[in-house]
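Chemist: Quick one, fold the following:
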Amino acid sequence: MKVFKWLGIVAVVYIVFVLLFESVFLGMYQPSFEDPEGCSNVDGQNPLRSDCGIPMVVITTTDDKGESNNTMVARFITEGKLYVSAHHWTRGWYKAALKNTNVRGEIQGNVEDYTAVSVEGEEFELVAAGFPLPFSARFLMGFPPPRQILRLDPYLK
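Modeler: Numbers count the residues shown, from 1 in each chain. Next up, the predicted model:
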């Protein structure tokens, strides 16, 4: 019986940790895991050093009321195209980008307008295989639902 008690305590501690990590650390602080000095080129390729971290983009989505919301997410490039993925429990920015596909992205101070396109099928498999989520990341995020990926196409005026 003591084993079940300890397993229950460990499970509760883990759940609280994941909630705090997702909502407070990532949700409120929105840390950048990229070197602030601009460790990689704007296109996310060619790291300048080996300790560059994760290339980031600040996505600005707009809701039905016209209110903007900024969210910092990891960016990656596959075959010259810019992608972002929703792989945490909180996916409000992703849902907002699907509702209003006109988004703005800021990469190392460069602001561009994009059209958000949901990625599925063969393209999804290609991108997901190129940038898998390691076990350690999935553990920290509480083993979230399957990731969803958006391609950010340059907005054509």
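Chemist: Poorly predicted segments of this protein, please.
Modeler: Low-confidence segments of the chain (pLDDT under 70): 24-53, 89, 157.
Chemist: Quick check: longest helix in it by residues?
Modeler: Secondary structure of the chain read by DSSP state H shows that its longest helix is helix 2-19.
Chemist: Show me which positions of it end up buried.
Modeler: Under the neighbour-count criterion of 16 or more other Cβ atoms under 10 Å, helix 2-19 has residue 18 buried. To be clear about C-beta, it is placed using only N, CA and C from the backbone, and glycine gets the same treatment.
Chemist: before we move on, what about stretch 114-123?
Modeler: Neighbour-count burial for stretch 114-123 [16+ other Cβ under 10 Å]: 114, 116-117, 119, 123.
Chemist: what are the ranges of the helices in the protein?
Modeler: So, for the chain - with DSSP H - the helices run 2-19, 92-99, 121-130, 135-140.
Chemist: Quick one: closest of those to residue 82.
Modeler: helix 121-130 (10.7 Å; Cβ to Cβ).
Chemist: Confirm for me that residue 101 is in contact with residue 94.
Modeler: No. In this structure residue 101 lies outside contact range of residue 94 using Cβ atoms under 8 Å: 11.6 Å.
Chemist: Between the two, which is the more surrounded one?
Modeler: The residue with more neighbours, out of residue 101 and residue 94, is residue 94; 24 against 17, by other Cβ atoms under 10 Å.
Chemist: Find the nearest non-adjacent residue to that one, please.
Modeler: Residue nearest to residue 94 in three dimensions, not counting chain neighbours: residue 86, with 3.8 Å by Cβ to Cβ, 6 or more residues apart in numbering.
Chemist: How about the contacts made by residue 14?
Modeler: By Cβ atoms under 8 Å, 6 or more residues apart in numbering, the contact list for residue 14 reads residue 142.
Chemist: In contact with the residue nearest to the spatial centre of the chain, which residues?
Modeler: Ranked by distance to the mean C-alpha position of the chain (Cα atoms, centre = their mean), the top residue is residue 73 at 3.6 Å. Shown in contact with residue 73 (Cβ under 8 Å, 6+ apart): 56-57, 59, 84-86, 93.
Chemist: Perfect, I'm done here.
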